[in-house]
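Chemist: Next input, structure requested:
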Amino acid sequence: MNIKRVFGLALTICTVDQASKIYVVHHLNLKEKISIEVINPILNFKMAWNKGINFGLFDSGGEASRLILIALSIAVSAALLWWVRKSESTMRQSCVALIVGGALGNSIDRIVFGAVADFLNMSCCGVQNPFSFNFADIAIFVGAFSLILWDKNEDGTA
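Modeler: Numbering: from 1, shown residues only. So this is what the prediction gives:
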């Protein structure tokens with residue numbers, strides 16, 4: 001495993017995620033404005049504090065839920081890093097780095113704010129999407145999706 005590549009990409013993803021949140025949530029003051037039209041109607045910034053997992057699932061557990069989600073994020077990241085440690089597959093390493101970087105970005109939010117700052121909202125064709133997401137979510141999705149669909153073991157099997 002190229003440890004520098006994995007950690008470098010994970011750190012880059014986490015940094016981009018955190019920088020985007022600082023800029024949009026704090027600098028553009030989305031936390032107070034709640035909504036900013038960017039490319040109407042396709043892309044808007046809509047503030048959402050997600051205390052659960054995707055789409056706010058399991059968000060009613062309070063402090064215990066927050067701590068469990070932080071621990072789960074760390075445990076899954078550690079397990080993925082352990083799993084990929086002997087891999088020579090650049091694809092597999094990159095996918096794991098995307099997932100770990102995104103998980104780290106969202107975990108930082110949970111530690112600092114008590115919830116994940118979601119702000120990207122995409123709607124189209126008269127249908128208003130009620131859910132927001134962030135760059136960490138995109139990285140996690142792309143990493144997991146790519147790992148499932150396109151990753152092959154070194155021997156060529158899925």
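
Chemist: count of residues packed around the nearest residue to Trp150 once chain neighbours are set aside?
Modeler: Distances taken as CB to CB, 6 or more residues apart in numbering place Met91 nearest to Trp150, at 6.5 Å, with adjacent residues excluded. All C-beta spots, glycine's among them, are computed from the backbone N, C-alpha and C. With neighbours defined by other CB atoms under 10 Å, the count for Met91 comes to 13.

Chemist: What lies in contact with the least confident helix or strand in the chain by mean pLDDT?
Modeler: Counting by mean pLDDT, DSSP states H and E, the chain has its least confident helix or strand at strand 35-39, which shows a mean of 87. Strand 35-39 has contacts (CB atoms under 8 Å, 6 or more residues apart in numbering) with 24, 28, 30, 44-47.

Chemist: One more pass at 6 Å, please.
Modeler: With contacts defined as CB atoms under 6 Å, 6 or more residues apart in numbering, strand 35-39 is touched by 44-46.

Chemist: Out of these, flag the one nearest to Asn2.
Modeler: Closest approach to Asn2 among the contacts of strand 35-39 (CB to CB): Phe45, at 35.7 Å.

Chemist: OK, contacts around the closest one?
Modeler: Contact analysis of Phe45 by CB under 6 Å, 6+ apart lists 24, 30, 36, 38, 119.

Chemist: list the buried ones in stretch 16-33?
Modeler: Neighbour counts using 16 or more other CB atoms under 10 Å place 16-18, 20-21, 24-25, 30 of stretch 16-33 among the buried residues.

Chemist: Under the pLDDT cut-off, which ranges of the chain? List them.
Modeler: The model of the chain has pLDDT under 70 over residues 1, 53-61, 152-158.

Chemist: which residue ranges form the strands in it?
Modeler: Applying DSSP state E to the chain gives strands spanning 35-39, 43-50, 116-122.

Chemist: now those strands as a markdown table including distance to Gly102?
Modeler: Compiled in a markdown table, those are given as follows (distance: least, CB to CB, whole Å):
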| stretch | distance to Gly102 |
| --- | --- |
| strand 35-39 | 21 |
| strand 43-50 | 13 |
| strand 116-122 | 10 |
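
Chemist: closest one to Gly101 among those?
Modeler: Closest among the strands of the chain, once you apply CB to CB, is strand 116-122, at 14.3 Å.
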